[in-house]
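K.L.:
dropping the sequence and predicted coords here.
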Number of protein chains: 2
Amino acid sequence: MNSSLQPFNQSMTKCLLFILPLFALASAANSAFITLQYKQQIDGVTNCSQVALLTAQSLNYCYNSIRYTNNTSNTYSSGCSGAYNTTTYSSNVCTNSSTYLYYTTATSYNPAPSGSDLVQMVFANGQCSGQPVWTQISYGVSSAGTTSACQPTTLNGFTTLSVMGNSSQVRFVNQAAGNIYSVWALLVLLTFSLFIQVHPDSDFPIQNLPYGIFSRNTHEEPRVGVAIGDFILDLSVIADAGFFGGELAHHSRVFHQKSLNEFMALGRPAWREARAIIMKLLSADEPALRDHSELRFKAFSPISECILYIPANIGDYTDFYSSKEHASNIGTMWRGKDNALMPNWLHIPIGYHGRSSSVVVSGTPIRRPQGQTRPNENEPPVHVTCRVLDFEVETAFFVGPGNNMGDPINMDKAEEHIFGMVLMNDWSGDPRSHFTRSSEAARDIQKWEYQPLGPFNGKNFGTTISPWVVTLEALEPFRVQQPKQDPTPLKYLVDEGASSYDIHLRASVQTEKSLKPQVVSNTNFKHLYWTMKQQLVHHTSGGCNLRSGDLLASGTISGPTPDSYGSLTEKTWGGRDSWKVEEVNEERKYLLDGDTVIIEGHCQGEGYRIGFGKCAGKVVPATVKQIINAPLS
Amino acid sequence: MNSSLQPFNQSMTKCLLFILPLFALASAANSAFITLQYKQQIDGVTNCSQVALLTAQSLNYCYNSIRYTNNTSNTYSSGCSGAYNTTTYSSNVCTNSSTYLYYTTATSYNPAPSGSDLVQMVFANGQCSGQPVWTQISYGVSSAGTTSACQPTTLNGFTTLSVMGNSSQVRFVNQAAGNIYSVWALLVLLTFSLFIQVHPDSDFPIQNLPYGIFSRNTHEEPRVGVAIGDFILDLSVIADAGFFGGELAHHSRVFHQKSLNEFMALGRPAWREARAIIMKLLSADEPALRDHSELRFKAFSPISECILYIPANIGDYTDFYSSKEHASNIGTMWRGKDNALMPNWLHIPIGYHGRSSSVVVSGTPIRRPQGQTRPNENEPPVHVTCRVLDFEVETAFFVGPGNNMGDPINMDKAEEHIFGMVLMNDWSGDPRSHFTRSSEAARDIQKWEYQPLGPFNGKNFGTTISPWVVTLEALEPFRVQQPKQDPTPLKYLVDEGASSYDIHLRASVQTEKSLKPQVVSNTNFKHLYWTMKQQLVHHTSGGCNLRSGDLLASGTISGPTPDSYGSLTEKTWGGRDSWKVEEVNEERKYLLDGDTVIIEGHCQGEGYRIGFGKCAGKVVPATVKQIINAPLS
């Protein structure tokens, strides 16, 4: 490999690190390999030293893969239809007249394709953030196992090749770009013997089936899918194939929507019906999907090749403050231990209206905010870049059917209005302070933006949620009793059932120097004092109307011990202490630019787990310069 | 007239009072009259004394009118195509076998219809809240002026009659209800000589052209219209007819939407283009619409016959607190005169995130909320019906093009992001107190729900806005300098232009006993300390993204004197005093059930006014009984 490609490889490694750790990879041992070689001509190169840079740019724009669906095996344990892995190598040739880059992508599959299987090449130009730089793509077909010819067909803007004979030269159209390429296919098929199955550590086994919104590229319309292992089952395809019978048959358009709102609005009987149908379709005993290769091919996409969107059109977002440990920690820091909890805290699930527009899906960068503060009471306020930037480990739930204005929801009906849950990082910026939250500072902060109407710009620059909505049905086996409430709440707020869930939550931070995320908090949803049902009942008790797709968040979830505190400000006790990032010998009081915060969550069953996937976001620097430090004179 | 119809007449009078005062009626002098007589059979009457009650019920459900569009006159001064007025008389006949009610509706028009004009009968069943009770409708045609025959055609579910000859008996289908009626038409046409024009006191002259969302019945799709005099010009019809050329031609679908969001997103050049085209189409010199009777007939609908919807899909709603007089009044009541304004108030346009779902259009009833409070610190809190219910006179503006997350909007670009303004009543419930806001009570209130995260259930049970969005273009002649800001704000917040507007605002309350609304406040938008541009700039300064259709409200607008205070709590100084409702010798500390609050606003030009229409809502009782007064023992 040419040493000038080092920058490219570094860049690609980062890119893969970003994409792949989100999804568990199936074992590659004993699986089939398909190797794709292709050539990229780079125009406008006048100096061969430019090649490495251009290569890095081009591969940051686009990535490519091969998909394979086997239509003969019936031994899948959980409906998975193919494993997926990618390794990319490259070399380049630079001449006076033109420059070519040659890549080889090796992809492992199990079982190996046979003569009648479909092999799909995916040129993911749709995911390019800039103009695709591919000017020519060449590949050839040969074989070290089954040998097959290539016959191009098209599917959803991608080019698909049926593996049917010996290598041949074909022309095909990349529909997304509208260009015609000459291609030579090289498929090296090697057969191994293991079967694919959902790994016991996967977040998305058959027991979970969380809902999300996805597309395979930016040209496709986003639609409803359900996560299973490393794949997404496209429910719009399942609906079009007529698998949703009964009442759902009249509502199958809900799976073609670009948000889950309409599905959420249908209510629990419809959700149960959908879940039962999807479970049956995915079971190894059910031939409808298993033995229908074309349908299976349309219906399954690897999660890692898809774009995941925010799962609902969030009409209103409310953030509660329901962890007694968190409220006590913050209260102790700000007002001292004797006044830690405000007098209303044990009587009301305190909450405030948040900013819907600032709720983003996992992976979206979070820009460090700026804001106004007055560090010195004897001087004018200043407008500065926030130094006290923090994460907050939260969960949130989506409202299913809403209520009419003026019609409060009673406790016995509350659960019928809860569709499912996501992880949340409610980023918290405190632009009002240059310095850390010492008790000295806190008094000044408290006086500034918050008074008298609550959080505003300190809480509206970004809130990250995970893309998969885990339903209450999937969480049911993990239902536990919430903490005892003393004093007993007013009658309308009494929740006599076991209404909490045993959900392990973990927050990690990956700094720019560290190779892997460092755990900063291990906490649990079950610590929360107020239940989701109580939050919902209190929210509507004055007549406020909730709508399908509204998001109600828990507030920071802290446990009783420092290793379970759900924010850095608690971990470092207002910046008094530091959190040590062991691997790289760094320390943090609050987040620095370049830090990526990853929140994960799961319920542990016997031999399986109900996972939430990841809720991740990287802090990027404030781009706008400090505007001014003092008023105009 | 039979005296047993007295209840019906009273009811109808109320109904008309509710509908008609919203829109200035054109002068009826010297105009044409069309008189429609029809007969209603009431089934199920076994006792003639039931008649009056049933009559009142039926006319509360439905109302009827006749529309007339003249296609020959070219003398309209402002594009108006017909005046509109309705008077209803009735009598009844009750026999043993059946009961009939006879009504006569006289409608005035100018110029009078001629032989080739269209006369449209509107049976507005679409607006009925219950099952229509019309079982038979009869009318006959005769004439005292021009005589014409009736030939039924149908249009959008309504039945239209061409006036072409002598009276005849016809059958026609009411498409909305699917019923066939036998009819006899009686049209009495009397010619007078005055022309129709927009009255100088109309809120909607040619200089205004506010945008709204409307439909003529519940079966039609809501769409974009512009108010002109007593009519709505249907912009979806104008778009389909190809009148929107230039850049707008590519975006004409925006006028078919059920919200203004897409039009708002187009930005000021498109808004200016649309305004210029509409002005030209409505001008007396322009024949395109004026001389095209069928098109005109489709394009114009009387406002009073239409349903008006909330004008935008409000993604996020933010309420500011920008009146220095209001903040000082509240601060004085709560903390005393020396600490009236909080230290941050002169440096930041204080605001909080509101609840989008609770924003409703004028006319929607507001239910009195319930909530938790703790009137006595030594006793447990209680959950009670709110006694301290107040209105707040506000205005609000809609965001045009939004900004990306992390991209603050600078002051010099701020106005490009403001589409237009509406009136707002931000109903305020204080369920936390049985008693009035005395200084004693205030301390308790302050401790309860607000701390530490701001308003919640006290501000999310209902916020009313007016249906017509008045654009900044229409307000431009009324631009004035905002109050001097001392201290000068930080540089990013300095608004050096004249950025306020001289908008007269009036709040009135009509109690159940009073015959007409009683003015409680006369204030003005120009009193506001912080400008709309400053609110918008501060809101985005931390990186928060705004979206098209977001709503930013002013906060209560109070002037310097008690007659200009924008809420009852200021008017009665926290309930210490009372406001006297002169007409009926009642008094109010806060609002009672049955009170209707009406907010109006206008800019006064020379010979015309830019009006906002009305923002009205009636307080209805809390339907849910007090849940409990104490915790479970």
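P.N.:
Arrived safely, thanks for sending. Numbering: from 1, shown residues only, chains lettered A, B, ... in the order given.
K.L.:
can you give me the neighbour number for the residue in chain A positioned nearest to chain B?
P.N.:
For chain A, the residue closest to chain B is residue A:454, as judged by CB to the nearest CB, at 2.1 Å. C-betas here are computed from N, CA, C, even on glycine. Other residues near residue A:454 come to 22 when the count uses other CB atoms under 10 Å in any protein chain shown.
K.L.:
that one contacts residue B:454, correct?
P.N.:
Yes: with contact defined as CB atoms under 8 Å, residue A:454 counts as touching residue B:454 (2.1 Å).
K.L.:
identify the contacts common to these two.
P.N.:
Common contacts of residue A:454 and residue B:454, defined by CB atoms under 8 Å, 6 or more residues apart in numbering or on different chains, comprise A:352, B:352.
K.L.:
re the thing from before, mind checking the SS state of the residue of chain A closest to chain B?
P.N.:
Of the three states, residue A:454 takes coil under DSSP: H, G, I helix; E, B strand; the rest coil.
K.L.:
could you do residue A:611 as well?
P.N.:
State at residue A:611, reduced to three classes by three-state DSSP: strand.
K.L.:
now do the contacts for the closest residue to it other than its chain neighbours.
P.N.:
Using CB to CB, 6 or more residues apart in numbering or on different chains and skipping the chain neighbours, the partner closest in space to residue A:611 is residue A:203 (2.3 Å). For residue A:203, the residues meeting the contact criterion (CB under 8 Å, 6+ apart) are A:24, A:227, A:468, A:602, A:609, A:610, A:611, A:612, A:613.
K.L.:
again, only this time at 10 Å
P.N.:
Contacts of residue A:203 were listed using CB atoms under 10 Å, 6 or more residues apart in numbering or on different chains, and they are A:22-24, A:210, A:227, A:229, A:466, A:468, A:470, A:600-602, A:608-614.
K.L.:
how close does it sit to residue A:261?
P.N.:
Residue A:203 sits 24 Å away from residue A:261 when distances are taken as CB to CB, to the nearest Å.
K.L.:
can you check residue A:315 too?
P.N.:
From residue A:315 over to residue A:261 the distance is 8 Å, taken as CB to CB.
K.L.:
what residue spans form the domains of chain A?
P.N.:
Using automatic domain parsing, the domains assigned to chain A come out as A:17-190, A:211-295, A:317-620.
K.L.:
lowest-confidence stretch among these?
P.N.:
Averaged per stretch, pLDDT over these is lowest on domain A:17-190, reaching a mean of 30.
K.L.:
okay, and the common contacts of residue A:315 and residue A:261?
P.N.:
Each of A:399, A:547, A:548, A:549, A:550 lies in contact with both residue A:315 and residue A:261 under the rule CB under 10 Å, 6+ apart.
K.L.:
now tabulate those in a markdown table and tack on distance to chain B.
P.N.:
As requested, the shared contacts of residue A:315 and residue A:261 are arranged in a markdown table below (distance: CB to the nearest CB, whole Å):
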| residue | distance to chain B |
| --- | --- |
| A:399 | 10 |
| A:547 | 5 |
| A:548 | 11 |
| A:549 | 11 |
| A:550 | 7 |
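K.L.:
ok, the closest residue to residue A:313 other than its chain neighbours to residue A:226 distance?
P.N.:
Of all residues not flanking residue A:313 in the chain, residue A:259 sits nearest, at 4.3 Å (CB to CB, 6+ apart). Summarising the geometry, the distance separating residue A:259 from residue A:226, computed by CB to CB, is 15 Å.
K.L.:
same thing with residue A:453?
P.N.:
Distance of residue A:453 to residue A:226, given as CB to CB: 41 Å.
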